[in-house]
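> Predicted model and sequence below, questions to follow.
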Amino acid sequence: MATDADGGLVFKPMEQFEIQSLFGGEIAWYTPTNTALWMGLAIFAVILLLVVGSQKRSIVPSRSQSVAELAYGFIYKMVEDICGKEGLRYFPYIMTLFMFIVCANFLGLIPTAFTPTSHFAVTVVLAMAVFITVTVLGFVKNGAAFLGLFWVASAPLALRPVLAIIEIISYFVRPVSHSIRLAGNVMAGHAVIKVFAGFAAIAAVSPVAVLGITAMYGLEVLVSFIQAYVFTILTCVYLKDALHPHH
């Protein structure tokens, strides 16, 4: 627990999100940082689970194979239900997104770990990759007909231009909401846990603080999965719009 010069409590819950060089010194574009390290560990965890953990492909699956198969079936069904059979060709990309985000979120729950998905620099890149991919795909698959996504043909003619403007604004706001939702939820939960941890050093409130940490940690485990799920399902919805802009 941190204290100031007067002995008062000082909480700095945002310190855990600071980007730091792994070897000290100033940070440049080529400097290995804690963000790069934990993103690399998330990628390694995905490979370990999906490739190494399921390489035996036993009839009676091991625990790692069972988890890999559950994740595969879960995302495959999601893509098929939302995007249809045509969307299954993009399943590897969506599966990769989900596994990277969920592994990065879960690794960030390890004490003293760093959570890369708490940074907008990471989530914005993920969201912009989805936005650009979906937009390009929409024009490649449909040509100018993709613009029909913004034209609400079922509305009265007088309202269609106004609705078109609203739809265009809504479309270009997608990467903003897509990225902020993930980073904001992850950051908020970790900050609250840090605050409870600071109060845990005070004898009078320590039991309550420990209960609060336990409850928040359990909630963050759930949030880590839910936010990966939400990011993925929104990706599927955007992909559906690109494949079927008139639906």
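Now that the structure is in, tell me what you want to look at. Numbers count the residues shown, from 1 in each chain.
> ok, residue 243 - contacts?
Residue 243 is in contact with 83, 84, 86, 87, 137, 138, 141, counting by CB atoms under 8 Å, 6 or more residues apart in numbering. Just so you know, the C-beta spots here come from the backbone N, C-alpha and C atoms, and that holds for glycine as well.
> From residue 72, how far off is it?
Separation of residue 243 from residue 72 (CB to CB, to the nearest Å): 22 Å.
> Can you find the helix or strand of the chain with the lowest average pLDDT?
Least confident helix or strand of the chain, by mean pLDDT, DSSP states H and E, is strand 2-3 with a mean of 50.
> just checking, what's the longest helix in this structure?
Across the chain, the helix with the greatest residue count (assigned by DSSP state H) is helix 160-199.
> Tell me the helices and strands packed up against that helix.
When contacts are defined as 3 or more CB pairs under 8 Å, 6 or more residues apart in numbering; DSSP states H and E, helix 160-199 sits against helix 120-142, helix 206-243.
> Any of the contacts of residue 243 buried? List them.
83, 87, 137, 138 (16 or more other CB atoms under 10 Å).
> and of the residues you listed, the nearest to residue 195?
residue 83 (40.8 Å; CB to CB).
> Now do the same contact list for the closest one.
By CB under 8 Å, 6+ apart, the contact list for residue 83 reads 90, 236, 239, 240, 243.
> Tell me how far stretch 228-247 lies from the chain's centre.
Mean C-alpha position of stretch 228-247 versus that of the full chain (CA atoms, centre = their mean, to the nearest Å) differs by 15 Å.
> Pull out the buried residues from that stretch.
Neighbour counts over stretch 228-247 (16+ other CB under 10 Å) mark 228-236, 238-245 as buried.
> ok, now how distant is residue 53 from residue 72?
12 Å.
> Looking at the two, which is more packed in?
Neighbour comparison, residue 53 and residue 72: the larger count goes to residue 53, with 18 against 15 (by other CB atoms under 10 Å).
> Just confirm residue 114 is within a strand.
No. The assignment for residue 114, made by DSSP: H, G, I helix; E, B strand; the rest coil, is coil rather than a strand.
> my guess is it meets residue 38, correct?
Yes. With contact defined as CB atoms under 8 Å, residue 114 counts as touching residue 38 (4.6 Å).
> Looking at these two, which is more packed in?
When neighbours are counted by other CB under 10 Å, residue 114 and residue 38 differ, and residue 114 comes out ahead with 24 against 21.
> residues touching that one, list them.
16, 34, 35, 37, 38, 108.
> Need the phi and psi values for it.
With angles defined as degrees, to the nearest 10, residue 114 sits at phi -120, psi 140.
> Which one, of the helices and strands packed on helix 160-199, ends up nearest to residue 187?
That would be helix 120-142 among the helices and strands packed on helix 160-199, by CB to CB, at 9.0 Å.
> wouldn't residue 231 be in contact with residue 175 here?
No. Here residue 231 lies out of contact with residue 175, judged by CB under 8 Å, at a distance of 11.5 Å.
> Contacts only, for the residue lying closest to residue 233 once chain neighbours are set aside.
Nearest non-adjacent residue to residue 233, counting by CB to CB, 6 or more residues apart in numbering: residue 78, 6.3 Å away. Neighbour list for residue 78: 94, 232, 233, 236 [criterion: CB under 8 Å, 6+ apart].
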